[in-house]
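*Asks:* Return atomic coordinates for the entry below.
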Amino acid sequence: MRKLWACGLALGMAGLVGCSGTGEDSKEAAPSATPSAVTLAISGRVKVELSTDGKGPEIGKPCTPPPGSKVKAGAEVRVTDGDGELLGAYRLEPGVTLGSIVKSCEFGFSFKVPGASESYVMTVEGFPPTPYTREDIRRGISVWETDQGTLSQ
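*Replies:* Below is the predicted model:
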């Protein structure tokens, strides 16, 4: 029985090694520098300042932006490619309080779009479109609503 178990373990380990993808095959072509057209994950947050004195909701608690703010839960985030073709849309999640001295209400978003383009345009409902590169998106997008009612990176 031990021999059978040992053989099974050895075969299982050999199978894992074969499936690990760590081995190199000299016959394979070098990876291409061209971006994959599969998908690109777009994630980030839209922030609205609540206070600069630490007052306001507790960190991690739900929040709503102050009166006059354009940002709101459920606002649509749209992403288009450089040619203006809609690639995907998502609605801002409910706001969550973050920060200790400067508190903000932050609305997150996360979705995937086709990843063939090098340039993208994101529009948050109520604000002008903002251009982004593929690299900007890989780092994550974080924008603030300013006192003037615009978004700033």
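*Asks:* so who does the residue sitting nearest the centre point of the chain touch?
*Replies:* Among the residues of the chain, the one closest to the centroid is Ser43, at 1.5 Å (CA atoms, centre = their mean). Applying CB atoms under 8 Å, 6 or more residues apart in numbering to Ser43 gives the contacts Gly108, Phe109, Ser110, Phe111, Gly140, Ile141. Just so you know, the C-beta spots here come from the backbone N, C-alpha and C atoms, and that holds for glycine as well.
*Asks:* Can you tell me how far the fifth one is from Phe109?
*Replies:* Shown here: Gly140 relative to Phe109, a distance of 11 Å by CB to CB, to the nearest Å.
*Asks:* The two: who's more crowded?
*Replies:* Phe109 (21 against 12; other CB atoms under 10 Å).
*Asks:* so the more buried one is in which element?
*Replies:* Element membership for Phe109 (DSSP states H and E) is strand 103-113.
*Asks:* now do Asp136
*Replies:* Counting by DSSP H and E, Asp136 is found in helix 134-139.
*Asks:* Quick one: list the elements packing against the helix or strand just after that helix.
*Replies:* Per DSSP H and E, the first helix or strand lying C-terminal to helix 134-139 is strand 141-145. The helices and strands touching strand 141-145, judged by 3 or more CB pairs under 8 Å, 6 or more residues apart in numbering; DSSP states H and E, are strand 40-51, strand 151-152.
*Asks:* Of all these, which one comes closest to Tyr120?
*Replies:* strand 40-51 (7.8 Å; CB to CB).
*Asks:* Average pLDDT for that closest one, rounded please.
*Replies:* For strand 40-51, the mean pLDDT works out to 90.
*Asks:* What is the distance between the helix or strand following it and the centre of its chain?
*Replies:* Counting by DSSP H and E, the next helix or strand C-terminal to strand 40-51 is strand 62-63. Centroid separation between strand 62-63 and its chain, computed with CA atoms, centre = their mean, to the nearest Å, is 21 Å.
*Asks:* sorry, back to before: please identify the most buried of the helices and strands packed on strand 141-145.
*Replies:* Comparing those by mean neighbour count (mean count of other CB atoms under 10 Å), strand 40-51 ranks first with a mean of 20.
*Asks:* just to revisit the earlier point, nearest to Lys61, out of the contacts of Ser43: which one, please.
*Replies:* Gly108 (14.8 Å).
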